[in-house]
Structure formats: structure tokens, C-alpha cells
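J.: structure of the sequence below:
(chains A, B, C and D)
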Number of protein chains: 4
Amino acid sequence: MADNHISGLLQDFPVTICLPVEWGQMDAFNHVNNIIYFRYFESARIAYFEKAGVLTYMQEHGVGPILKHTQCRFRIPLRYPDQVQVGARVTDLGDNEFEMSYRVVSSNADAVAAEGTGTIVCVDYHSAAKVKIPDALRKAIADLEATKQSG
Amino acid sequence: MADNHISGLLQDFPVTICLPVEWGQMDAFNHVNNIIYFRYFESARIAYFEKAGVLTYMQEHGVGPILKHTQCRFRIPLRYPDQVQVGARVTDLGDNEFEMSYRVVSSNADAVAAEGTGTIVCVDYHSAAKVKIPDALRKAIADLEATKQSG
Amino acid sequence: MADNHISGLLQDFPVTICLPVEWGQMDAFNHVNNIIYFRYFESARIAYFEKAGVLTYMQEHGVGPILKHTQCRFRIPLRYPDQVQVGARVTDLGDNEFEMSYRVVSSNADAVAAEGTGTIVCVDYHSAAKVKIPDALRKAIADLEATKQSG
Amino acid sequence: MADNHISGLLQDFPVTICLPVEWGQMDAFNHVNNIIYFRYFESARIAYFEKAGVLTYMQEHGVGPILKHTQCRFRIPLRYPDQVQVGARVTDLGDNEFEMSYRVVSSNADAVAAEGTGTIVCVDYHSAAKVKIPDALRKAIADLEATKQSG
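T.: Predicted coordinates:
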């Protein structure tokens, strides 16, 4: 699989990033350490936020996303050298929180290495209180989801 | 709370560790980054394994634990300076896998900062195949759980 | 060596911190990965800054320290389980920058695991320009250095 | 600068890698944390070793490289989003150790963000003793250096 070709395993994901596996991310078991997968999720989440304009909205309005819960199901171990493609999508968009799904694909195996979710709430940074998801963000997310390859 | 006093919030946990929050673990939001919580869980898990003799068993028999799934619910943000106490316990011990629960307590807040779980399977390192949890490990875990403070 | 006893190898250091070696900090060579030593240095540096009031000064005056250069000489490898004591001291205090020295002591080996330095400049956060080290910080550093055990 | 175009600032480096800056690599100062630069150096070092056949040699002969010293001079801060190109070259090849130089180039700034060095010794993994750099590795390094763009 060439670097710039998005895996068919990620066709439902409107945002994907590509990251090299780094040697130093492996632990004493010779596998990429489990916490790195949450870094993958985070980097895909931030790429999604950037594409949806969430980070700009946050700076202008002082309202931004906070991670409330996240989980990962590890399927096959990753080793250096390899590269991963990581997809992010919003699978549930409620009044007060939304859920993202993530999928990590190993280029070497051409298979899903891990899958996970993240639940995100919106917080007013001045009051530190949870707020409803602003309509502008809700629309930006809906628009971005509509662009996904299988859409 | 003194460094060596175990929080009452961890009385159900047979193994606890204490870790300082490090400044460099905070991200651009001025909170301890989410992946660090999974490092907390891992360090508590390894301390548990060490206390139960899992690591020794692993070296002698070539059978050891692999993380299949993990999750974290973030409750209050952590900031430097602080220290955390992290508890680990086994909450479900099946034939083929077991579940651990983790709790992270902030010393500054004297409150739960995060809670999570990990599902662990046993793997034969030579064949890379899943195996039943060996009886010796099962007994070691049961014995360790029986020592917990509230037990 | 008990946890709270400061190693004689650190008697020239006015600030020391104690950190457990975490299993997940080891890489595929079964040693603590080299970048973790710079986290040790950073955590000792921040502890020093905190003790000297640098962080408070920074918040009040918008002038703070930036790392310009750092180096590490690795002497013996570290492995889990162990704990390290890390000392920080200021060894040169110029008009525009100062140099810190760091020493990492392995509790298991009761020996120096690594030594290093950091060169720090002061920056005005508003203009991003380098400034002379403020007199208040210079005095705080000199006072702290005077407290070291061998002083 | 396109992703696949190697910066002219790296023309003396026979091995270069390209890495995205990840949001979670920034610390509370909103800059990429200093320890990440040493991960950059390590990833470029490993890519160099891979290209020179060092890792294969190591597995076959039980002789491999150990980092003895490393340093970094930070020139301009890095922030997300950006990507870095990291070059590695061998600048001194002695009987018992060799020195590598690293350069980190920010794509946003099209400028050098950091430079550093690493001193590497060869160790027999069975005896843990230092050994002379094997002739096969010495030749592989010399051959690789001869391929550099400006060579």
C-alpha cells in the first residue's frame, strides 16, 4: 500500500491521518506500547477538530472539547517498521456530548490493528461548566460526516 | 494527605502505587494529557503482576499477559504539582481472560481523578496463541485479592 | 537505600526529586529509553524553579525560562523495577543565561546512571525576546545554591 | 514545501525522515516538549541504522549500538500543526565509537528548529562489553555517507 492511498478499511471515516511507527514507541515486549494507541486517537481527533473548525471556534468563543471517556480494543500488535493510518468519525451527536470512533490500520498487515471510541463534552473555559454543543459546531460536524467516502 | 498514607478511596484495591505528577506530562490545555492515565493504569497493572508473581511465571513458562481492551473515564483534570495514587484490582477472573479495575486518586483534591478497566488475556509467547489462565496465576490472583484492606 | 534518604552522590545538589522507574518507560532493548532521562532532567529543573520561585515570578512578570541546550551522558542502563533520585543545581549564572547540572542516581545500583546539563535563557513572553536574568531570580538561585548539603 | 521534497537544509544528510508534529507532543508552554526532539533524533538514528544494515548485523552477531551521549541545541520552537524533516549523518568514525549529527527542519518555518549529536558505542550483548566497531558496520557506514546528496 502506498503512503498516500487510504485503506479501504477506512472508507467510512471522513478524516484520516498517516503516522510512521517509531522504534522508540515499542516497549520491552517488542510491541508498540498501549498508550501510543491513545496518542493515535488523539492525533486523529485533533485533525478532525481542525477540519471541522472546532479549534478556531474554541479560540473565538472560549468553548471547547474535553475528553470524558475513551477506550481501545487491541486487535493485532504493531512493530517497527510499519506505518499506521488512523481514521476518526463522529458516530453519535447528542445535545451535550458526542461520540467519536477511531480505527487504526497497519500498513504492513493491511488489517485493523485497533479500534476505539472517545466521548467528548463541550466546556466553557471561563466557567469550567459543561455547555450544550454549539449549533455551529454541530453543523460543522454534520457537514464533515457527509463528506465521507462511502457517504 | 501524607505520601505514604493510602487514600480511603483505594481501600478495595490490594495493590496501589504512588506517582508524582510531572510538569512535562501536561499538554497545551494545561492538564495532564489523557495518554498518561493509561501509563498510570499500566504501572499499577505491572505492580499487581509483580506482587502476584505473574512476571516470574511468565519468564519461567513463556506464558504471559496481553492487554486486549482498556478504557478510562476522566473525572477531574490533573495538574502539576500533585501526586496520584493508583489502585489495581481484579474484578472478574474468567477461564480465558480477566478484568482489572483501576482508580486514580489526586492527592491535591483527595478525590477520584479517573477510573478505568483493562481486559487481559494470557498468551503462549512461543506459539502466540491464547491459552487458559494457568492455575498457578489464578490462585496467585485470588490470594492477592483476599488481602485487600476491606477484605 | 530507603526511599526518603538522599544519596550521598547528590550531596552537592540543593534540589533532588525521587521517581519510580516505570515498566512502560523501557524500550525494545529492555532499558529505560534515552528520552526519559531528559524527562528526569526536566522534572528536576521544574522542581528547582518551583523552589526558587521562578514559576511564580514568571506568572507575575511574564518573563520565564527557555531551554536552549541540553545534553546527557549515559553511564549505566536503568531497568524496571528501580527508582531514581535526580539532582539539579546551577553551576554557572551569567548575565543572560545560566547552566544547570543534573545527576541521576539508580537506587538499585547506588550509582550514577546519567549526568547532564541544561542551558537556560530568560525570555519575555510578550515580545518573545531574550532578556537579562532578572535580579530577583538571580538572588533566588544564589540563595538556593547556598543551601546545598555540602555548602 | 511538499511532503516528499527534502529540504535543502538537509542536503548533507544521507538519511532523512519526515514526521508530523502531533498536538499531544506540545507541553503547557504550547511548544513541542524538549524530550520529543530526542525521539526525533532516535527515529532518524534507527532509520540510519536500518539503511546501513546495523540492525540486521546486530541480530546476526549479537553486537549492537548503545547511545553513550547525546545533546540538542534548540533554535526555534515547534508547534502543531507542522511537520519536521530530520536528518542523520555520521560525522566521526573512530575505532571504538562514532558520532552522528542530527538536524531537525520545520516545514512551516523552512528553517532549522534544532541540531544535535549522538555518540554511539558498540556492545557485545552477551558479555555487555564494549567492542571495536566491526569492519562490516564501518564499511556500511562509509558507503552510506558516500551517497549523501552533496557527496
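J.: neighbours of the residue of chain A found nearest chain B, how many?
T.: Using Cβ to the nearest Cβ, the single residue of chain A nearest to chain B is A:Gln71, 3.5 Å away. C-beta: built from backbone N, CA, C; applies to glycine. Neighbours of A:Gln71 under the rule other Cβ atoms under 10 Å in any protein chain shown: 19.
J.: what secondary structure does it sit in?
T.: strand (DSSP: H, G, I helix; E, B strand; the rest coil).
J.: and the residue lying closest to it once chain neighbours are set aside, what is it in contact with?
T.: In space, and not counting its chain neighbours, A:Gln71 is closest to B:Gln71: 3.5 Å by Cβ to Cβ, 6 or more residues apart in numbering or on different chains. Neighbouring residues of B:Gln71 by Cβ atoms under 8 Å, 6 or more residues apart in numbering or on different chains: A:69-72, B:116-117.
J.: what about stretch A:29-47, near chain B?
T.: Yes: using Cβ under 8 Å from any Cβ of the partner chain, stretch A:29-47 reaches chain B at A:33-36, A:38-39, A:42.
J.: just those residues now: which is nearest chain C?
T.: Of the residues of stretch A:29-47 next to chain B, the one sitting nearest to chain C (Cβ to the nearest Cβ) turns out to be A:Asn33, at 5.6 Å.
J.: and the longest strand for chain A?
T.: strand A:111-124 (DSSP state E).
J.: report whether the first helix or strand past that one going along the chain contacts chain B.
T.: Following strand A:111-124 in sequence order, the next helix or strand is strand A:129-131 (DSSP states H and E). No: for strand A:129-131, no contact with chain B is found by Cβ under 8 Å from any Cβ; the gap never falls below 13.0 Å.
J.: which residues are contacting strand A:129-131?
T.: A:63, A:96, A:121-124.
J.: now those residues: which count as buried?
T.: Listed as buried from the contacts of strand A:129-131 are A:63, A:121-123; burial here means 16 or more other Cβ atoms under 10 Å in any protein chain shown.
J.: elements contacting the lowest-mean-pLDDT helix or strand in chain A?
T.: Taking mean pLDDT, DSSP states H and E as the measure, the helix or strand of chain A with the lowest value is helix A:54-61, at a mean of 87. The contact analysis (3 or more Cβ pairs under 8 Å, 6 or more residues apart in numbering or on different chains; DSSP states H and E) places helix A:54-61 against helix A:34-52, strand A:63-74, helix A:135-146.
J.: between these, which one is closest to C:Asp92.
T.: Nearest of the helices and strands packed on helix A:54-61 to C:Asp92, taken as Cβ to Cβ: helix A:34-52 at 36.8 Å.
J.: and that closest one, what other elements does it pack with?
T.: Counting contacts by 3+ Cβ pairs under 8 Å, 6+ apart, helix A:34-52 packs against strand A:15-20, helix A:54-61, strand A:63-74, strand A:83-93, strand A:97-106, strand A:111-124, helix A:135-146, helix B:34-51.
J.: near chain D, which residues of chain A are found?
T.: Counting by Cβ under 8 Å from any Cβ, chain A comes close to chain D at A:17, A:19-20, A:22-24, A:39, A:42-43, A:46, A:50, A:80-81.
J.: show me what contacts A:Glu115?
T.: Taking Cβ under 8 Å, 6+ apart, we find A:Glu115 in contact with A:72-73, A:75, A:101-104.
J.: that older thread, what's the closest of the residues of chain A next to chain D to C:Asp143?
T.: A:Gly24 (39.2 Å).
J.: wait, what's in contact with the nearest residue to the closest one once chain neighbours are set aside?
T.: The spatially closest residue to A:Gly24, leaving aside those adjacent along the chain, is D:Glu42, at 4.9 Å (Cβ to Cβ, 6+ apart). Residues near D:Glu42 by Cβ under 8 Å, 6+ apart: A:22-24, C:33-35.
J.: and D:Glu42, how far from A:His5?
T.: Distance of D:Glu42 to A:His5, computed by Cβ to Cβ, to the nearest Å: 28 Å.
J.: picking up where we left off before, let me know the closest of the contacts of D:Glu42 to D:Ala146.
T.: Once Cβ to Cβ is applied, the member of those that ends up nearest D:Ala146 is A:Trp23, at 24.9 Å.
J.: per-residue pLDDT, that closest one?
T.: Note on A:Trp23: pLDDT of 97.
J.: swap in the one 5 residues further on?
T.: In this model, A:Ala28 is scored at 95, pLDDT.
J.: which one is it nearest to, not counting chain neighbours?
T.: C:Met26 (4.3 Å).
J.: cool, A:His69 as well?
T.: Closest to A:His69 by Cβ to Cβ, 6+ apart is A:Thr119, at 4.3 Å.
J.: now swap in A:Pro134 and tell me
T.: A:Pro134's closest residue in space is A:Val63 (Cβ to Cβ, 6+ apart), at 6.1 Å.
J.: quick one: residues contacting the one you found.
T.: A:57, A:122-125, A:131, A:134.
J.: one more: A:Leu55?
T.: So A:Leu55 contacts A:46, A:49, A:64 (Cβ under 8 Å, 6+ apart).
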